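> coordinates only, sequence not included:
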């Protein structure tokens, strides 16, 4: 027992020493962003993630600094987290799914959804993955997303077309919208925030949320609470961000809405 | 004066056991809904009575003459999706509700003409978010009102005499994934209803509305601080566990919906119900017990305050919703007479508790093939989970029994007072389960699970069993080709009635399970039989119309073997036995 006390003390000291440089400094907000991935972010400061970052920095009275690193190289998001947050080149990712792996997340600050997108003039009757209309349409989907899974379990994948904006540096989520408007596909299934700002310029496209479902037995989730991400165990930065989210929920959602991010029923997440 | 007179006449009518033609509309009779439910000639509550026993003393139909049952009258419900639920009989009128679009009918039992009908105007988006077919489990009656809920979350009070809308309240929001499918319970002057769906991004809740005005009186969430869960100082369990058993803020999207059946003990003044699975299907992502998901709650119906709560499946990793009915019966458990609550859970265990305080007395498997846990520790109340059957993100865990549909779902069991057995309709499917963690693919969030369900050992996908609560043993078991998704009615002279998904309506001997009679119905059965007297004769009525989660493949037009996993896989040959379509079918001798 007596022996344990100094050992504990030393461990605590070591822990503090190890922890001190890891925690974000209060006078800086160091974010990592993709330099070329609209509508999320680019080096010119455009994109809703940049606007959210700027708002958070202003609110905290912190200096905003960027590390530009693509999320879309080999290794994907996991590699990105390793090369940025975990390598301590930055402290904050502005837009990650709540409770996602590899990072610690703040409380959610918005909920959005995967959506069906098609030409309004077609008047399709599509309200869910089980809508019969989908059986006869060419369906565009983003690879490795819940949309692909939903199409697979209904055998709709046989007449579907993959898109891969999230894996190819330089690729754009707008490519799926172009394919809808050129008639290459009849309907696209994509994450609304990935196309929201492009849709503002394309009022001829209809946008319908894909409801979560269990109609096939397996659970299918298409709406997601989104949060900010910090390094695992960096509770200091998380708590700073949480305080901003709690106090400024309205402003945050206003910024998102202005940039075309459609918010689907924040429910209890934002109201409490 | 007039009111008092009417009430005493009603009592007199009850006393001599004849269904009268009186109109029930006074405050005095509202108090006596419990008494009204004791009249075997009527069926005034969805589950027959507050105790949810579904056990009638009517005796014109006997084990000897049941073979002579014949169709007395039928009626199309005007709806094609799954018909869970049952009719009510109040006085000389039958009331029932169809599947979506939720037509409500009042039928005059003297000549079967429609006294009135009502169809709610609904938000069509509700159809796309309903999890497991567009079902409804029936209307409730009290104080001259028929209370109905619509899929899109409306709770509507209709005049029992002419069907006009007396009030309309909003209990759920389809845009947030919420729907309403349950049968309300009316206690005192409160309408108690739950919520379905909302698997992701919301918290479940139970709500009480004022019977007279439709105004919300209280709402008890399944997760969150005690002030939200309506837990006070006299609660027998841990405090603030609705927050402390979750990581961070996850309780805010904690799930725990409340879409099952509700029961009530007038002497203890407690309402009982169960909560569903926690918010996300990936258990790895939500460490902790995740209270109060998967919980049996006892609440004061006037205030909503919880007296006790017992969590059956802490940290659920299998989707074993705890919403099945709680049957209240004073029975012997291991030789001791107790005021018990008996609950056959999705997780395959039959829970027997002292309903005064939630003390667990016995919890045995009611399907011997259940393998996710070896037993329930009666001192701690926790399951002894079999480690190899625990699901984790990224791992395909094979041969878990029961499947996510459970050893039993919402289909209500009956307590037969004569044999002392519970007659229980069960499912018998197993599953492979692979959950995925929440991932992010550069701008695109992803999470999910793949579930494959298939028939359990023996190849039958369901069974109807008799369960002796004294020693926690199965007495007899009648295997069924498909999940036995219809409820059970027993009569105290020894008959158990139930319908099957392959369209058979059966009467069996409650003591032995021996088949006494069967009849081929217009469609498969997922509804619950009732019985009543009219014109001096006994009738048995039930809704026909296959669907529900077990029949979803058929209901959604998904009959290709490759078209789906999960539920479709487990019942893909159903189309060879039945087709969709809703009918009311009524039998007599």
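Noted; the coordinates are in hand. Bear in mind the structure is a predicted one, so any value in this text is a computation, not a measurement.
> torsion angles phi and psi at residue A:146?
Main-chain dihedrals, residue A:146, degrees, to the nearest 10: phi -60, psi -30.
> residue A:57: how many residues sit nearby?
The number of residues packed near residue A:57 is 19, by other C-beta atoms under 10 Å in any protein chain shown. Just so you know, the C-beta spots here come from the backbone N, C-alpha and C atoms, and that holds for glycine as well.
> quick one: contacts for the closest residue to residue B:240 other than its chain neighbours?
With C-beta to C-beta, 6 or more residues apart in numbering or on different chains as the criterion, residue B:240 has its nearest non-adjacent residue at 5.5 Å, and that residue is residue B:226. Contact partners of residue B:226, counting by C-beta atoms under 8 Å, 6 or more residues apart in numbering or on different chains, are B:232, B:235, B:239-240, B:242.
> just those now: which is nearest chain A?
Each of those was checked against chain A using C-beta to the nearest C-beta; the closest is residue B:242, at 12.6 Å.
> weed out the non-buried ones from the contacts of residue B:226.
B:235, B:242 (16 or more other C-beta atoms under 10 Å in any protein chain shown).
> span of stretch A:193-207 from start to end?
12 Å (C-alpha to C-alpha, to the nearest Å).
> and whichever residue of chain A sits closest to chain B, how many neighbours?
Nearest to chain B in chain A, going by C-beta to the nearest C-beta, is residue A:217, at a distance of 1.2 Å. When counting by other C-beta under 10 Å, one arrives at 28 neighbours for residue A:217.
> ok, now the one 10 residues further on?
Counted with other C-beta under 10 Å, the neighbours of residue A:227 add up to 29.
> and the pLDDT for it?
Residue A:227 is assigned 92 on the pLDDT scale.
> kindly report the same for residue B:563.
On pLDDT, residue B:563 comes in at 39.
> could you chop the chain up by domain?
Reading this off chain A. Listed by automatic domain parsing, the domain ranges of chain A are A:27-110+A:224-265, A:112-209.
> not what I meant, chain B
B:1-31, B:32-588.
> which one of these lies nearest to residue A:202?
Among the domains of chain B, domain B:32-588 comes nearest to residue A:202, with 18.7 Å by C-beta to C-beta.
> sorry, back to before: hey, which of the domains of chain B is tucked in deepest?
Comparing these by mean neighbour count (mean count of other C-beta atoms under 10 Å in any protein chain shown), domain B:32-588 ranks first with a mean of 22.
> any idea how far apart the tips of it sit?
One end of domain B:32-588 to the other measures 29 Å (C-alpha to C-alpha).
> if we can go back for a sec, quick check: phi and psi at the residue nearest to residue B:240.
Dihedral pair for residue B:226: phi -50, psi -30, per degrees, to the nearest 10.
> any idea how far it is from chain A?
Distance, residue B:226 to chain A, using C-beta to the nearest C-beta, to the nearest Å: 14 Å.
> ok so, going back, any chance of the domains of chain A in JSON lines, with distance to residue B:368 too?
Formatted as JSON lines, the domains of chain A follow (distance: least, C-beta to C-beta, whole Å):
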{"stretch": "domain A:27-110+A:224-265", "distance to residue B:368": "37"}
{"stretch": "domain A:112-209", "distance to residue B:368": "31"}
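> check contacts around residue B:306.
For residue B:306, counting by C-beta under 8 Å, 6+ apart, the contacting residues are B:220, B:229-232, B:235, B:297-299.
> can you show me the helices along the stretch 151-272 of chain A?
Applying DSSP state H, counting those that start in this stretch to the stretch 151-272 of chain A gives helices spanning A:174-182, A:192-199, A:235-247, A:249-258, A:267-271.
> re earlier: while we're on the residue nearest to residue B:240, how confident is the model there?
98.
> next: the one 5 residues further on.
Model confidence at residue B:231, given as pLDDT, is 98.
> gap between the closest residue to residue B:383 other than its chain neighbours and residue B:312?
Excluding its sequence neighbours, the residue lying closest to residue B:383 (C-beta to C-beta, 6+ apart) is residue B:373, at 3.8 Å. From residue B:373 across to residue B:312, the span is 10 Å (C-beta to C-beta, to the nearest Å).
> give me the common contacts of those two.
Common neighbours of residue B:373 and residue B:312 (criterion: C-beta under 8 Å, 6+ apart): B:347, B:349, B:383.
> residue A:251: how many residues sit nearby?
Neighbours of residue A:251 under the rule other C-beta under 10 Å: 14.
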